[in-house]
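K.L.:
can you look at this prediction? I've put the sequence above it.
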Protein chains: 2
Amino acid sequence: MDIEQLATNLRNFEGVTRKKPIADIVNMFDEVRSEYGETIVDFGDDAAVLDTGGDEVILFAADAIWGRIALESPWWTGYTSVVVNVNDISAMGGRPVAMVNVMSSCDTEACKEMMRGIKDGVKKFGVPMVGGHVHPDTPYNSLGVAIIGVAKKDCIVRSDMARPGDAIIAAYDMDGRVGKNSPYSWDTTSFKDNQTVRDRFLVMQTLAEKKLLTAGKDISNPGTVGTLGMLCETSKVGASVDVTKIPMPEGLELEQWLKIYPATGYILTAKPENCDECIRIFEDVGITAAVIGEINDSKEIDIYSDGQKAVVFDLNTDTITGIDMETEDI
Amino acid sequence: MDIEQLATNLRNFEGVTRKKPIADIVNMFDEVRSEYGETIVDFGDDAAVLDTGGDEVILFAADAIWGRIALESPWWTGYTSVVVNVNDISAMGGRPVAMVNVMSSCDTEACKEMMRGIKDGVKKFGVPMVGGHVHPDTPYNSLGVAIIGVAKKDCIVRSDMARPGDAIIAAYDMDGRVGKNSPYSWDTTSFKDNQTVRDRFLVMQTLAEKKLLTAGKDISNPGTVGTLGMLCETSKVGASVDVTKIPMPEGLELEQWLKIYPATGYILTAKPENCDECIRIFEDVGITAAVIGEINDSKEIDIYSDGQKAVVFDLNTDTITGIDMETEDI
């Protein structure tokens, strides 16, 4: 394995580099910070966290699907919009409550196919679509979905709380298939029964309520190492990963697997003494988890294998999203 | 005044007819109703209402801005996306808590202009933008925003609760300007100080908490009579409106005014004995309100003036959105 080449390829992966324009935009809001009274976490995590005074906090996130995939596969666009949004809430240890959507489509058929995909997602995950806005006559297909969830106030899994000495756990549903629309998508839900899917995506709630994790993040477009990089960036820490420890499905190359958006996949950090229990809880619902490395204070994310080591991200000099989370501890 | 002609023009107004494709789509979700456990109100009202078990319910809505206006006026697109979303929550008697957005834009400049518009909206209304998803390289500009709010469980102003015998109140901020992007937009906020704007959009909360209203709806693209039609459709009632009673700004023709999206404007219903107090509460914050007609059981929405009368919508035979709200009473 050429670990230097792998590090370079992961650093330059489009799933990672596309995150760069975010900071410029997010940092524009610094000026109006005085209006953020009830906001505990905003940009920079899977979901924003709002404390409106009750026992539970509200989680709030949005994701969108555009471009070639939306034109070619409207059903998948609708279905996967539910998957990614539900994961934004479950990754924080929350319970998804409802979604709304904003849809535009080229024609009635594409519009209905997207809606069929959403409906199948609603059925699979048990999270209702309660409102929306449709433009049935645009020159493109696109679908934005926002989701709300709730979580107990002191049981949220944030991405900015990893600390040096924490172990890094990668957890995946290995029973999946590379999606037909991209070599970097991994479908773990569409072919499974509802109960299995719900058990797997709700397990993060159990881990959150048992307070077994220090931080965590849904593995999304930047892939496993890119997502770890984002978690380290918001936590202001570094990480060292033994790539030979990363659980992998049979028949896939390591580089492809590390770039995949695994649908049900998380990067988590925990105190070393809690890792065995975390892994057991994942295994009980059919998710494979393993300790793959350690958080340190270097602000570098490196990968190693068989005595070779290479730096993927050096956050001392570079940024991934560049978002500086200035949020309250709770 | 040719009242027949006016009725025809209001019925065929694009702001109204564009609502028709909604029903087909919404009714697809009937099949997955069993997943809607915490949902009190969904499609068909300004915002969905979710009861997650606390003292307050969560309000959740989405709106989007596309097309020519988004290409030509990215700042206004950003700003107005805040206005329309904040109104969705305030029209229900709720307090807006936070927004998320999904943005796509042709170029960095348009993207930044939209964000500047959003930022100015955040500053004006005091509602934070806490997350989002940006596609900075699409062949079009579009902006979808979702908003959450909270309201006391028994103090929500819904659109499906108008009953025969209720008076109809129209309320508008008359201190506005026809927007430069459309003869049917009415800007009441961009040139006013923050406190005046906040007082005016939060007054619905006072009316809701005093339980002075039976139903209500934010006047949006379908205009005053179109919005009343939608309220009657979800409430399964009819209405009769004396157009000479409708408050109007100087210098505008009635037909244009009735098609305008008045930014801060509501169609409300109330028991006749509560109307004076409603109007006084509006006037205290600078909003003009008047009783303009009465709800009846005809399922027709008619307008009259000087002894002439004409039917705008006959809901016995026609639909506006066609959404059949099957939601719980609370």
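P.N.:
Arrived safely. Numbers count the residues shown, from 1 in each chain, chains lettered A, B, ... in the order given.

K.L.:
of all of the stretch 151-300 of chain A, which residue lies closest to chain B?
P.N.:
When scored by C-beta to the nearest C-beta, the stretch 151-300 of chain A has A:Asn194 as its residue closest to chain B, at 9.8 Å. In this view, the C-beta of every residue, glycine as well, is placed from N, C-alpha and C.

K.L.:
mind giving me the domain split of chain A?
P.N.:
A:3-18+A:157-314, A:37-152 (the TED database).

K.L.:
ranking these by burial, who's on top?
P.N.:
Stretch with highest mean neighbour count among these: domain A:37-152 (a mean of 23; mean count of other C-beta atoms under 10 Å in any protein chain shown).

K.L.:
so how far is the first residue of that one from its last?
P.N.:
Distance between the two ends of domain A:37-152: 19 Å, counting by C-alpha to C-alpha, to the nearest Å.

K.L.:
and what of stretch A:1-16?
P.N.:
Start-to-end span of stretch A:1-16 (C-alpha to C-alpha) is 22 Å.

K.L.:
wait, does it make contact with chain B?
P.N.:
No - with C-beta under 8 Å from any C-beta of the partner chain as the criterion, chain B is not reached by stretch A:1-16; the gap is at least 11.9 Å.

K.L.:
tell me the mean pLDDT over that stretch?
P.N.:
Average pLDDT, stretch A:1-16: 91.

K.L.:
lowest average pLDDT across the domains of chain A?
P.N.:
Per-stretch mean pLDDT for the domains of chain A is lowest at domain A:37-152 (a mean of 89).

K.L.:
before we move on, back to that, dump the residue contacts of the residue nearest to the residue of the stretch 151-300 of chain A closest to chain B when sequence neighbours are not counted.
P.N.:
Leaving out its chain neighbours, the residue that sits closest to A:Asn194 by C-beta to C-beta, 6 or more residues apart in numbering or on different chains is A:Lys124, at 5.6 Å. The neighbours of A:Lys124, taking C-beta atoms under 8 Å, 6 or more residues apart in numbering or on different chains as the test, are A:Tyr79, A:Val82, A:Thr189, A:Ser190, A:Asn194, A:Val197.

K.L.:
cool, A:Gly117 as well?
P.N.:
A:Gly117 makes contacts with A:Pro74, A:Trp75, A:Trp76, A:Thr77, A:Gly78, A:Tyr79, A:Thr80, A:Ser81, A:Val82, as judged by C-beta under 8 Å, 6+ apart.

K.L.:
let's go with 10 Å and repeat that
P.N.:
Counting by C-beta atoms under 10 Å, 6 or more residues apart in numbering or on different chains, A:Gly117 touches A:65, A:73-83, A:143, A:190.

K.L.:
which parts of the stretch 101-250 of chain A are helices?
P.N.:
Along the stretch 101-250 of chain A, the stretches classed as helices by DSSP state H, counting those that start in this stretch are A:108-125, A:194-209, A:223-235.

K.L.:
output the longest one as CSV - backbone C-alpha positions only.
P.N.:
Put plainly, it is helix A:108-125. The C-alpha trace of helix A:108-125 is given here as CSV (Å, rounded to 0.1, in the frame of the first residue of the first chain):
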residue,chain,number,x,y,z
THR,A,108,-44.7,16.1,-13.7
GLU,A,109,-43.3,12.6,-14.0
ALA,A,110,-39.9,13.5,-12.4
CYS,A,111,-41.8,15.4,-9.7
LYS,A,112,-44.0,12.4,-8.9
GLU,A,113,-41.0,10.0,-9.0
MET,A,114,-39.1,12.2,-6.5
MET,A,115,-42.3,12.3,-4.3
ARG,A,116,-42.5,8.5,-4.6
GLY,A,117,-38.9,8.2,-3.4
ILE,A,118,-39.7,10.5,-0.5
LYS,A,119,-42.8,8.5,0.3
ASP,A,120,-40.8,5.2,0.3
GLY,A,121,-38.3,6.9,2.6
VAL,A,122,-41.1,8.1,5.0
LYS,A,123,-42.4,4.5,5.1
LYS,A,124,-38.9,3.0,5.7
PHE,A,125,-37.8,5.4,8.5
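
K.L.:
who does A:Asp63 bridge with?
P.N.:
Using DSSP bridges, the bridge partners assigned to A:Asp63 are A:Val145.

K.L.:
if we can go back for a sec, now for the contacts of A:Lys124: which two are most distant?
P.N.:
Farthest apart among these by C-beta to C-beta are A:Tyr79 and A:Asn194. That separation is 13.4 Å.

K.L.:
and the helices of the stretch 101-250 of chain A: which comes nearest A:Ala162?
P.N.:
Taking C-beta to C-beta, helix A:223-235 is the member of the helices of the stretch 101-250 of chain A nearest to A:Ala162, at 4.0 Å.

K.L.:
which one of the contacts of A:Lys124 sits closest to B:Asn221?
P.N.:
Nearest to B:Asn221 among those, with distances taken as C-beta to C-beta, is A:Val82, at 27.5 Å.

K.L.:
which residues of the stretch 151-300 of chain A lie near chain B?
P.N.:
Contact residues (C-beta under 10 Å from any C-beta of the partner chain) of the stretch 151-300 of chain A with chain B: A:Asn194.

K.L.:
any idea which residue sits dead centre in chain A?
P.N.:
Ranked by distance to the mean C-alpha position of chain A (C-alpha atoms, centre = their mean), the top residue is A:Asp218 at 2.4 Å.

K.L.:
which ones are touching it?
P.N.:
Contacts of A:Asp218 by C-beta under 10 Å, 6+ apart are A:45-47, A:61, A:84, A:86-92, A:157, A:159, A:204, A:227, A:261-267.

K.L.:
show me the beta-bridge partners of it.
P.N.:
The partner residues for A:Asp218, given DSSP bridges, come to A:Tyr266.

K.L.:
from A:Met230, how far out is it?
P.N.:
Note on A:Asp218: its distance to A:Met230, by C-beta to C-beta, to the nearest Å, is 10 Å.

K.L.:
do the same with A:Ser159
P.N.:
7 Å.

K.L.:
which residues are in contact with both of those two?
P.N.:
Common neighbours of A:Ser159 and A:Met230, using C-beta under 10 Å, 6+ apart, are A:Gly44, A:Asp45, A:Asp46, A:Lys217, A:Ile267.

K.L.:
farthest pair in those residues?
P.N.:
A:Gly44 and A:Ile267 (14.8 Å).

K.L.:
residue contacts, A:Tyr261?
P.N.:
Residues near A:Tyr261 by C-beta under 10 Å, 6+ apart: A:15, A:80, A:83-84, A:87, A:179, A:182, A:184-186, A:218-224, A:227.

K.L.:
go with 8 Å
P.N.:
By C-beta under 8 Å, 6+ apart, A:Tyr261 lies in contact with A:Gly15, A:Tyr184, A:Ser185, A:Trp186, A:Ile219, A:Ser220, A:Asn221, A:Gly223.

K.L.:
and if you look at A:Trp257?
P.N.:
By C-beta under 8 Å, 6+ apart, the contact set of A:Trp257 is A:Thr224, A:Ile246, A:Met248, A:Pro249.

K.L.:
likewise for A:Phe313?
P.N.:
Shown in contact with A:Phe313 (C-beta under 8 Å, 6+ apart): A:Arg11, A:Gly229, A:Cys232, A:Glu233, A:Glu300, A:Ile301, A:Ile320.

K.L.:
is it in a helix, a strand, or coil?
P.N.:
strand (DSSP: H, G, I helix; E, B strand; the rest coil).

K.L.:
ok, A:Val102 to chain B distance?
P.N.:
In this view, A:Val102 and chain B are 3 Å apart by C-beta to the nearest C-beta, to the nearest Å.

K.L.:
over to A:Asp314?
P.N.:
Counting by C-beta to the nearest C-beta - A:Asp314 and chain B are separated by 25 Å.

K.L.:
excluding sequence neighbours, find me the nearest residue to that residue.
P.N.:
Using C-beta to C-beta, 6+ apart, the closest residue to A:Asp314 is A:Glu300 (5.0 Å).

K.L.:
rewinding a little: so the residue of the stretch 151-300 of chain A closest to chain B touches A:Gly126, yeah?
P.N.:
Yes - here A:Asn194 lies in contact with A:Gly126, judged by C-beta atoms under 8 Å, at a distance of 7.1 Å.
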